[in-house]
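# Got a predicted structure here, sequence first:
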Amino acid sequence: MPVMTGVKMSQEIKTSNKKQVIIVISAHDEAKYLLDLINMGVDNFVLKPLDIGQFLEVLHKAISLVRFAKMEEEYKQELEETVEKRTRELQEALSLVQQLNGEVVQRLTAATELRDLDTGLHNRRLGLFAPKLARAMGLSEEYVESLAFAAPLHDIGKIGILDKILLKPGPLTEEEFEIMKTHTITGASILSDSIHEKINMTASIALSHHERWDGSGYPGGLKGEDIPLEGRIVSICDHYDALRSKRPYKPALSHQEAMEIIVNGDAKSRSGCFDPQILEVFIRIADEFDEIYVSQQD
């Protein structure tokens, strides 16, 4: 071997292909020589003069090792393909679930709107307002996505309110308003005790979106941080959209007029209705709310 030694050649082979099985046949039996071969991953060593029986035994082991390595590689390939297939199937299933979730929300939202045509696209706009506000507050993307799912269904309980009250063209009497308030409890009862977090958030919003920071809201008269965060977020979005929207008993207000009432209050709502920190973020991004409302007209 005038070009390189057996050790060097074995090293070059292993550098090119680490999995290559190598059997060295040599007359050198020095400890250092053998140790160098072992360290570089040589699989077996046969001393000269060659013992045919020993060589065949070593060769049999080498062939078995190659077969095992091939089986291992095939198994690994099959496993990767299986994982890839299952991952693809899982992604498709998740995509289908998300599509179904979106369709369910749209259909339930449409059902609410059919009961109360005066609200127009109110529910759908809340599905844009609420996540935008939550994202501006720095909340997690998972929370924002759940809010986008839940907010449009905040008034789902209105499907349980009698038409003569829900569709009344003028202001409600005190007794009628007390009945109207029950839509929060009805909505929560429809959606409560789900195994899905998004449905539970929807139930929470349905129950709490009319609670007020100062305790003046309903149905529980909750105050401050006793009101769930999602309820506090949807509350200010709901109030803004209601002010901007035309109703049989009131005209639509401009963005500036709605902001004035939300910040300073009016005859029907006090200035302390909303979480101060959420209100601060809402004021900062209020122009974006105006853009959404204008682009999503009834």
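That came through fine.
# My guess is residue 46 contacts residue 57. True?
No. Counting by Cβ atoms under 8 Å, residue 46 sits too far from residue 57 to count as a contact (9.5 Å). The way it works is simple: take the backbone N, C-alpha and C, and place the C-beta from them, glycine included.
# Average the pLDDT values over the helix or strand encompassing residue 82 and round to the nearest integer.
According to DSSP states H and E, residue 82 maps onto helix 52-115. Across helix 52-115, pLDDT averages out at 74.
# and the next element down the chain from it?
Downstream of helix 52-115, the first helix or strand assigned by DSSP H and E is helix 122-136.
# ok, and what's touching that next one?
Contacts to helix 122-136, defined as Cβ atoms under 8 Å, 6 or more residues apart in numbering, come from residues 105, 109, 112-113, 141, 143-145, 147-155, 230, 233-234, 236-238, 240-242, 245, 278, 281-282, 284-285, 288-289, 292-293, 296.
# Helix or strand next in line after that helix, which one?
helix 141-150.
# List of residues touching that next one?
101, 105, 127-128, 130-131, 134-135, 197-198, 201-202, 204-205, 230, 233-234.
# Just the buried ones out of those, please.
In these, burial by neighbour count holds for 105, 127-128, 130-131, 134-135, 198, 201-202, 204-205, 230, 233-234, counting by 16 or more other Cβ atoms under 10 Å.
# Low-confidence ranges, the protein, go.
1, 29, 31, 93-120, 267, 298 (pLDDT under 70).
# Roughly how far does the residue lying farthest from the centre of it sit from residue 25?
Most distant residue from the mean C-alpha position of the chain: residue 49, 70.1 Å away (Cα atoms, centre = their mean). Counting by Cβ to Cβ, to the nearest Å, the gap from residue 49 to residue 25 is 10 Å.
# if I look at these two, which residues touch both of them?
Counting by Cβ under 8 Å, 6+ apart, nothing touches both residue 49 and residue 25.
# For residue 283, give me its contacts.
Contacts of residue 283 by Cβ under 8 Å, 6+ apart are 259, 263.
# What is the subsequent helix or strand relative to the strand or helix carrying it?
Assigned by DSSP H and E, residue 283 falls within helix 276-284. As assigned by DSSP H and E, the chain's next helix or strand after helix 276-284 is helix 286-295.
# residues contacting residue 222?
Counting by Cβ under 8 Å, 6+ apart, residue 222 has contacts 208, 211, 215.
# Next, it: secondary structure please.
coil (DSSP: H, G, I helix; E, B strand; the rest coil).
# roughly how far apart are it and residue 210?
Taken as Cβ to Cβ, the span from residue 222 to residue 210 is 10 Å.
# My guess is residue 219 contacts residue 183. True?
No. Between residue 219 and residue 183 there is no contact under Cβ under 8 Å: 9.4 Å.
# The two: who's more crowded?
residue 183 (23 against 15; other Cβ atoms under 10 Å).
# so what's that one up against?
Applying Cβ under 8 Å, 6+ apart, the residues near residue 183 are 155, 157-158, 160-161.
# now with 6 Å?
Contact partners of residue 183, counting by Cβ atoms under 6 Å, 6 or more residues apart in numbering, are 157-158, 161.
# next one: residue 285
Contacts for residue 285 (Cβ under 6 Å, 6+ apart) come out as residue 136.
# do that again at 8 Å, thanks
132-133, 136.
# ok, now residue 269?
239, 261.
# make it 10 Å
Counting by Cβ atoms under 10 Å, 6 or more residues apart in numbering, residue 269 touches 212, 216-217, 239, 243, 261-262.
# Filter those residues down to the buried ones, ChimeraX style.
Remark: buried members of these, expressed as a ChimeraX selection using 16+ other Cβ under 10 Å:
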select :212,217,239,243,261,262
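# okay, the contacts of residue 269 in a markdown table with secondary structure and distance to residue 39 next?
What follows is the contacts of residue 269, written out as a markdown table (DSSP: H, G, I helix; E, B strand; the rest coil; distance: Cβ to Cβ, whole Å):
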| residue | secondary structure | distance to residue 39 |
| --- | --- | --- |
| 212 | coil | 76 |
| 216 | coil | 80 |
| 217 | coil | 77 |
| 239 | helix | 75 |
| 243 | helix | 79 |
| 261 | helix | 81 |
| 262 | helix | 76 |
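# Identify the farthest-apart pair in the contacts of residue 269.
216 and 243 (17.1 Å; Cβ to Cβ).
# circling back to that earlier point, tell me the one of the contacts of residue 269 nearest residue 73?
Nearest member of the contacts of residue 269 to residue 73, counting by Cβ to Cβ, is residue 239, at 64.2 Å.
# who's in contact with the residue nearest to that closest one when sequence neighbours are not counted?
Excluding the flanking residues, the one nearest residue 239 by Cβ to Cβ, 6 or more residues apart in numbering is residue 262, at 6.3 Å. Counting by Cβ under 10 Å, 6+ apart, residue 262 touches 236, 239-240, 243, 269, 271, 273-274, 279, 282-283, 286.
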